[in-house]
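*Asks:* give me a model of this one.
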Amino acid sequence: MISLKINDNQFILKSNISIIEACRYIGIQIPRFCYHESLSIAGNCRMCLVEIENERIEKLVIACLTNIESNMVILTDTFSVKKARENVLEALLLNHPLDCPICDQAGECDLQDQTKIFGNYLNKIYSKRRGVQDKYCGPLIKTIMTRCIHCTRCVRFGTEIVGFDIFGTLNRGNLTEIGSYSEAFFDSNISGNVIDLCPVGALTSKPYAFKHRPWELRSSETIDLTDSLGSQIFVNHRESGIARILPKTNNKTNGNLISDTTRFSYDSIENNRIYNVHYKDLDTNLMKFGWEKVHSIVTNIKDKKVTILINEQLDLKTLNQFKFLFFLYKNITVKSHSRFNEFNNFYEFSNLSKNSFSDVKSKVCMLIGCDLKNENAIINTKIRINSLENNYKLYSLGSKFRSKLSVNFINLNIEEVLQLFEGKSKNLSGKILRSQFSEIVFGEGFKKRFSALSYIKEKIKTINFTTRYTIINSSSNTEGNFFFGIKSLNKKNLDKSNVIFCCNINDNIIMRKLFLKFRGLIVEFNTHFPSLFKKNSLLLPIKSNFFENSGVYINMLQQIQKTQKVVSSANNIKSLSFIFKKLFFVPQGKFKYLDFISESLQISKFESSFSNLSTKSFSGKRVINYASTYPLKFFLKNNLKTDTYVKNSYIINSYLSLSK
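*Replies:* Residues are numbered from 1 along each chain as shown. Reported below is the predicted structural model:
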């Protein structure tokens, strides 16, 4: 800690930080364009100039590149500082077009704000404005390069965060421009974050172009459900629907990044939605009718064998109601549509320690059966940043995948993987498990091949208790399904069932094979029209978990998160819990089987700890662990084609068609 004076006020701050960071800690805002907390320091905009009272320093210094020293006297609002900022702004505006009324960045533009505070209405320099050719960055990012002020944030983001050098600085002096060395669009799962980084309107969102103004929108905080991480987001919306999605900074989960799937798939809330009850009889005639006829079709359903098939995106409250129905009626069973969660039918904490990927100081990292770029783009980015900062080695067990990570690929079968964790592998066990800091990331591909993760957990504790591991789940509430002990669907369940309730399940080849042979009644609850809809099926529209419902979820880091209702649905669309209450005539007061969750966890508005919750399983039994003899392969080859919500996004589909 050192003592210094800023604007005639004495402060004690930690050393080895820059002046701009020191001023931020004490609440003094210094203007900047090129500086960003997540990027390296460039120091080329000169907007953060400050004055230091020192005989050896006669000129102004840039605050982002100058570290504080003991007994330093810093002045941020003197006449010379204000005049210097005025001159910098005048130089930046020489070639900047006067198109604020038609710019999508208007109202939230840093250049507008700084000009309003520090700019001058009288020019001292006059020159012809030069134009710059726009660049093509794909269907998601709109470029108007004449507005560019050469802060190089996009260049550093591509190089340091993404690992994709699409942008660079071309030419020199007055002819300087930001461009690409070769014609290629921004092929990355987090490319949309460059829109937030741009301080002017040079890089904006194409889907958002010319549609809304920021002062017309309302903002709501909620959680992303497209993956198992649960990124914190802001949803900007109007009465007509959702306008855009922006990241909310949270160092425990997503930092200040969100994936392109999270950012651009919001149009799915309206595309291909179901607004009426549909019924397809044995003659494959499709009919529409109201909710009053639903009870006549599913009459006497309590006397039949019913299987409730659920998606792992359902919230804890809905799962609570289904488990209550399981205990209330002997003929009802609850199953998951995923076939890969039998490995953990009793709930346990998968992480040896809470791993937020923000405090990782590992020397060795091993990826087992996962393609992080497709399974979780934010975790992939955080591991890449940590590997570059800490210079640790990355190993991957399984097939080779395309990534910006510097990975050593190792092809092992399950028997050799077990030898590794038992400490019997001479080359790998010592390097990985005996390292001072090591972390292991398990993907869905490994969970499909091997079920005894608790066995591996005990072996890791024995060899090195400092090792941490994390499981990349496929859906937003997979951990919640594990807590309730919900098992996977199999053919035996179908043979014993007369009716299947399909609750927002995804369309995949496994479900198609099962349903083609099923002869009973299929009642589907879905937000979008499913491809699985076949004869003798009833299709009921429900509210979407994305933005139309509030619910509680458990993410892959085992944090409790709560979503908020953002927009209202059509009057004819009901919630899933409301429909089941009406179908089974269960009083509302009966759905209090797991009210102790709210009391023991003390769920806050957004997230809470899960450490005090009892881990008792509702199933009461354990399955026999199994190990597959097949080689490791990836469970998820394309994250844009698996989820029903993402698959119905026109924006994401346009990006998918161009990225092939």
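*Asks:* residues in contact with stretch 27-40?
*Replies:* 6-7, 19-20, 23-24, 41-45, 47-48, 50, 63-64, 76, 85, 92, 110-111, 114, 117-118, 149, 151-153, 156-157, 160-161, 197, 199, 255-256 (Cβ atoms under 8 Å, 6 or more residues apart in numbering). Where C-beta positions appear, they are placed from N, C-alpha and C, glycine not excepted.
*Asks:* are any of the residues you listed buried, and if so which?
*Replies:* 6, 19-20, 23, 42, 44-45, 47-48, 50, 63-64, 76, 85, 92, 110-111, 114, 118, 149, 151-153, 156-157, 161, 197, 199, 255-256 (16 or more other Cβ atoms under 10 Å).
*Asks:* would you map out the domains in the chain?
*Replies:* When the chain is parsed with automatic domain parsing, its domains come out as 2-92, 110-269, 277-345+478-643, 364-467.
*Asks:* rank those domains by pLDDT, which is bottom?
*Replies:* Sorting the domains of the chain by mean pLDDT places domain 277-345+478-643 lowest, at a mean of 71.
*Asks:* end to end on it, go ahead and measure it.
*Replies:* One end of domain 277-345+478-643 sits 22 Å from the other (Cα to Cα, to the nearest Å).
*Asks:* ok, now stretch 539-555?
*Replies:* Where stretch 539-555 begins and where it ends lie 30 Å apart, using Cα to Cα.
*Asks:* quick check: buried residues in it?
*Replies:* Buried residues in stretch 539-555 (16+ other Cβ under 10 Å): 539-549, 551-555.
*Asks:* ok, now stretch 471-478?
*Replies:* 471, 472, 473, 474, 475, 476, 477, 478.
*Asks:* quick check: phi and psi at the second one.
*Replies:* Backbone torsions of residue 472, given as degrees, to the nearest 10, read phi -90, psi 110.
*Asks:* can you tell me which residues contact it?
*Replies:* Contacts of residue 472 by Cβ under 8 Å, 6+ apart are 228, 370, 372, 375, 376, 379, 441, 442, 443, 444, 556.
*Asks:* so which of those are in strands?
*Replies:* 441, 442 (DSSP state E).
*Asks:* and of the contacts of residue 472, the nearest to residue 575?
*Replies:* residue 228 (23.0 Å; Cβ to Cβ).
*Asks:* ok, now how distant is that closest one from residue 528?
*Replies:* 21 Å (Cβ to Cβ, to the nearest Å).
*Asks:* before we move on, the earlier item: in strands, which of the buried residues of stretch 539-555 fall?
*Replies:* 539, 540, 541, 552, 553, 554.
*Asks:* OK, contacts around the residue lying closest to the last one once chain neighbours are set aside?
*Replies:* Think residue 554. Computed as Cβ to Cβ, 6 or more residues apart in numbering, the closest residue to residue 554 that is not its neighbour in sequence is residue 479, at 4.0 Å. Counting by Cβ under 8 Å, 6+ apart, residue 479 touches 228, 350, 473, 554, 555, 556, 558.
*Asks:* got those as CSV, with distance to residue 125 columns?
*Replies:* Output for these, formatted as CSV (distance: Cβ to Cβ, whole Å):
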residue, distance to residue 125
228, 54
350, 62
473, 57
554, 59
555, 53
556, 55
558, 58
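*Asks:* wait, which of the residues you listed is closest to residue 220?
*Replies:* residue 555 (19.1 Å).
*Asks:* assumed residue 333 was part of a strand.
*Replies:* Yes. Assignment of residue 333 by DSSP: H, G, I helix; E, B strand; the rest coil places it within a strand.
*Asks:* thought it was touching residue 309?
*Replies:* No. Judged on Cβ atoms under 8 Å, residue 333 makes no contact with residue 309 at a distance of 9.5 Å.
*Asks:* who has more neighbours, those two?
*Replies:* Between residue 333 and residue 309, residue 309 has the larger neighbour count (other Cβ atoms under 10 Å), namely 26 against 20.
*Asks:* on the three-state scheme, the more buried one is what?
*Replies:* strand.
*Asks:* residues in contact with the residue nearest to residue 408 when sequence neighbours are not counted?
*Replies:* Of all residues not flanking residue 408 in the chain, residue 395 sits nearest, at 5.1 Å (Cβ to Cβ, 6+ apart). If you count contacts by Cβ under 8 Å, 6+ apart, residue 395 has them with 364, 365, 366, 367, 407, 408, 409, 410, 428, 432.
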